[in-house]
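# sequence first, predicted model second:
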Amino acid sequence: MKQLWNVINGLEARKDVKAKVFLWILAVANILIGAGLWLLIGRIFLPGIEWLICFMGYPAMFIGLFGGLIYLCNHEFA
């Protein structure tokens with residue numbers, strides 16, 4: 001998260017825009033990671049679109065959104 005934030009923090013934008021971009025990128029990255037995991041192992045053991053949605057949604061919400069919010073709350077904006 002720190003590396004992603006350092007890249008986004010280098011952009012010429014307002015602080016709130018940087019925070020929104022950070023959260024969106026983090027959530028989308030976790031959606032893609034979850035979908036990849038489902039394609040590797042979930043398709044065989046947990047077939048169905050419901051499991052794909054779970055594999056994509058839970059990491060996006062908990063790791064991406066909530067984890068990103070906690071990181072931003074503990075981070076000092078420059």
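Here it is on my side, so go on. Numbering: from 1, shown residues only.
# next, the buried residues of the longest helix along the chain.
The residue-count maximum for a helix in the chain (DSSP state H) belongs to helix 15-37. By neighbour count on 16 or more other C-beta atoms under 10 Å, the buried set for helix 15-37 is 18-19, 22-23, 25-27, 30-31, 33-35. C-beta here means a position set from N, CA and C on the backbone, and glycine is covered the same way.
# between these, which sits nearest Cys54?
Distance to Cys54 across the buried residues of helix 15-37 (C-beta to C-beta) is lowest for Gly34, with 8.3 Å.
# following the lowest-mean-pLDDT helix or strand in the chain, which helix or strand comes up?
Using mean pLDDT, DSSP states H and E, helix 43-45 stands out as the lowest-scoring helix or strand of the chain, at a mean of 85. Downstream of helix 43-45, the first helix or strand assigned by DSSP states H and E is helix 49-58.
# and the angle from that following helix to helix 15-37?
Inter-element angle recorded for helix 49-58 and helix 15-37: 140 degrees (by axes from the mean of the first three to the mean of the last three C-alpha atoms, to 10 degrees).
# list of residues touching helix 49-58?
For helix 49-58, the surrounding residues in contact (C-beta atoms under 8 Å, 6 or more residues apart in numbering) are 31, 34-35, 37-38, 42.
# closest one to Glu76 out of those residues, please.
Nearest to Glu76 among those: Ile31, at 28.3 Å, using C-beta to C-beta.
# distance from the least confident helix or strand of the chain to the middle of the chain?
In terms of C-alpha atoms, centre = their mean, to the nearest Å, the centre of helix 43-45 is found 24 Å from the chain centre.
# Arg14: how many residues sit nearby?
Close neighbours of Arg14, defined as other C-beta atoms under 10 Å, add up to 9.
# any idea of the pLDDT on it?
Reported pLDDT at Arg14 in the predicted model: 90.
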